[in-house]
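J.: Turn this into a structure:
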Amino acid sequence: MPEHKIRTRERSRWRSLLAFSRATAVVGVMGVLVSSAQAGASTAPTAQEAGRTVIASSTAMNWSGLVNDSYEAHYTEVAGGWTVPSVRSAPEPNATNATWVGIGGFTQYAPLIQTGTIEEPTGGAGTYYAWVAFCPPARCVAQDIGEPVHPGDEMLAEMHENSTDTWGISLEDTTQGWSYSKSFAFTGGSAGSAEWITERVMTGNGGGSEKLADFGSTRFHDLGSAGSGLTHVTSRLLYMLTTTGKIVAYPSVSSTGDSFTNHYGTPLPTVTSVSPAQGPVSGGTAVRIKGTYLVPTIITAVYFGTTKSSTIRPGGPDEPLTARVPHGVSGTVNVTVVTRDGRSAISAADRFTYLPTPKVSSLSPREGAADARATVTITGSGFVPGATVRFGKRLATHITVVSSTKIVATNPIGTAEKVDVTVTTFGGTSTASVTSTFRYTQLGERGTEKRQLSRRGPSGVSEIAVSSTLATRSRSSGSLPNHSSSP
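T.: Numbering: from 1, shown residues only. Down below sits the predicted model:
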């Protein structure tokens, strides 16, 4: 199929667009597992993707939007609508944007089918037109539809595989009232991804140009895809970066998951949760940080108050950002994330509390029978709700943290010995000392008095042998009556 000549002045741009309409190296993935409906790709057509879908964040040099892909996928249908953006002043002359829906092209050398609109901030009001395009690995073919397009128009696009190597493409401008539909022969191999994209049209050989026009925002809606091998799909939210690593365009997904909006600009990161939200002043706790725009490739630092974390691990599928807590002092600090775009704002959701190591200064009582449970009052410092208490290695029960200096707990059954009573919180475990020692006595033992098991006489009266520190008189001295009936 010969290449269509669109407009002489635009031909080189079209070739550049199609030659580079494969996302550049994509790195960094993070997110949570959701259903395919939440991934925003199940509204139309009716055939839905099965299994679970990973929402991930990735970066590219020329694409911003949503890509669904799977190593075993073959997409046969993709659909979606969008509002044609009004492009504004460009950071550089000759900036050109493309808004489109497509199948394939996400990995290097993969074939790509597209239909969409072109937006150029030229001639005052700008230039807008619709197009379809094919990009096999070896060459690219594009066609101008030749219908009027204006900012604010509502577009609907759909493409499907009619049969092997034959594709049908439909594009409709519901605002202007025109529609386009045509079948094309296209031999390009597998179609392993579906896309809804705002693209920065790369000029020349795509050598790192940053010519993206300010398009404000573009909403994609009525997203749908169908095909085979879609059991495990990754839905990637693509962030477009400049050559210096800053975000220049980014998506935000609706709460219902059936639409998203591409934005022009540079968003600041936010922190929405920190878990665990407390730890020892010595540091070392691995904290999971969730938020928005925490794109792994552009995170430069995480701070706990004014102290920088020495260890940061970007998130992966179903994982938030992880940072190691540095040494601190008792009290609450804000956790902030720094990216190349700026620093997250302080909020109540980003707080982390450094807890002092608990200390046990006294016990009451300090001893108890090994075979009995009793209430023990523990006095000290650094006690917080959720604290655990151990008598030696045994865990106490019925623990009540009365205050930061007082805990009431029930000691466990033990053996006759001395044990250390320790209190554990997120701040650490108290150090054993002479003031934290609890003595388990033998059965019934109190001080130096020792009671032995009784034995029953023939008359049914128990005889109890008693020994004490008091002097006793022996039975042979005649001090005690002598019973002939004694056994």
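J.: just for the stretch 251-400 of the chain, where's the confidence low?
T.: 254-257, 316-319 (pLDDT under 70).
J.: Can you name the helix or strand that the nearest residue to residue 259 once chain neighbours are set aside falls in?
T.: Closest residue to residue 259 in three dimensions, ignoring its sequence neighbours and counting by CB to CB, 6 or more residues apart in numbering: residue 221, at 4.1 Å. The C-beta positions use only the backbone N, C-alpha and C, and glycine is treated the same way. Using DSSP states H and E, residue 221 falls within strand 217-228.
J.: Tell me the buried residues in whichever helix or strand comes after that strand?
T.: Next helix or strand after strand 217-228 toward the C-terminus (DSSP H and E): strand 232-241. By 16 or more other CB atoms under 10 Å, the buried positions in strand 232-241 come out as 233-241.
J.: do stretch 330-339 as well
T.: 333-339.
J.: how much space between the most centrally placed residue in the chain and residue 335?
T.: Among the residues of the chain, residue 320 comes closest to the average C-alpha position under CA atoms, centre = their mean, at 3.1 Å. Distance, residue 320 to residue 335, by CB to CB, to the nearest Å: 12 Å.
J.: what residues are shared contacts of these two?
T.: residue 289 (CB atoms under 8 Å, 6 or more residues apart in numbering).
J.: wait, which of the buried residues of stretch 330-339 is closest to residue 192?
T.: residue 339 (30.2 Å; CB to CB).
J.: what is the closest one paired to in the beta sheet?
T.: Beta bridges link residue 339 to residue 299, residue 342 when assigned by DSSP bridges.
J.: quick one: it from residue 300, how far?
T.: For residue 339 relative to residue 300 (CB to CB), the value is 6 Å.
J.: do residue 112 as well
T.: Taking CB to CB, one finds residue 112 at 33 Å from residue 300.
J.: is it true that the residue nearest to residue 259 touches residue 253?
T.: No - using CB atoms under 8 Å, residue 221 is not in contact with residue 253; the gap is 11.7 Å.
J.: Quick check: neighbours shared by these two?
T.: Joint contacts of residue 221 and residue 253 (CB under 8 Å, 6+ apart) are residue 259.
J.: quick one, the strand holding residue 221 and strand 232-241 angle?
T.: 150 degrees (axes from the mean of the first three to the mean of the last three CA atoms, to 10 degrees).
J.: Show me what strand 217-228 is packed up against.
T.: strand 63-69, strand 74-83, strand 193-200, strand 260-264 (3 or more CB pairs under 8 Å, 6 or more residues apart in numbering; DSSP states H and E).
J.: Contacts only, for the nearest residue to residue 405 once chain neighbours are set aside.
T.: Once flanking residues are discounted, residue 405 sits nearest to residue 381: 5.6 Å by CB to CB, 6+ apart. By CB under 8 Å, 6+ apart, residue 381 lies in contact with 356, 358-359, 361, 404-405.
J.: how near is residue 381 to residue 285?
T.: 21 Å.
J.: and if you look at residue 175?
T.: 55 Å.
J.: And for residue 119?
T.: 48 Å.
J.: if we can go back for a sec, residues contacting the residue nearest to residue 259?
T.: Counted by CB under 8 Å, 6+ apart, residue 221 has contacts 80-82, 258-259.
J.: Neighbour count for residue 119 and residue 285, which is higher?
T.: residue 119 (26 against 17; other CB atoms under 10 Å).
J.: Pull up the gap between the more buried one and residue 410, please.
T.: For residue 119, the distance to residue 410 - CB to CB - is 72 Å.
J.: Neighbour count for residue 112 and residue 300, which is higher?
T.: residue 112 (23 against 12).
J.: Verify the contact between that one and residue 100 for me.
T.: No - counting by CB under 8 Å, residue 112 stays clear of residue 100, with 10.0 Å between them.
J.: ok so, going back, and of the contacts of residue 381, the nearest to residue 388?
T.: residue 358 (10.2 Å).
J.: Pull the contacting residues for the closest one.
T.: 380-383, 387, 423-425, 427-430.
J.: I figured residue 222 hits residue 81, correct?
T.: Yes - counting by CB under 8 Å, residue 81 is a contact partner of residue 222 at 4.7 Å.
J.: Residues that sit against both of the two, list them.
T.: residue 156.
J.: Could you check which of those two has the larger neighbour count?
T.: When residue 222 is set against residue 81 and neighbours are counted by other CB under 10 Å, the residue ahead is residue 81, at 22 against 15.
J.: Now do the more buried one against residue 327, distance only.
T.: Distance, residue 81 to residue 327, by CB to CB: 53 Å.
J.: quick revisit: could you identify which of the contacts of residue 221 has the most neighbours?
T.: Going by other CB under 10 Å, residue 80 tops the contacts of residue 221 with 31 neighbours.
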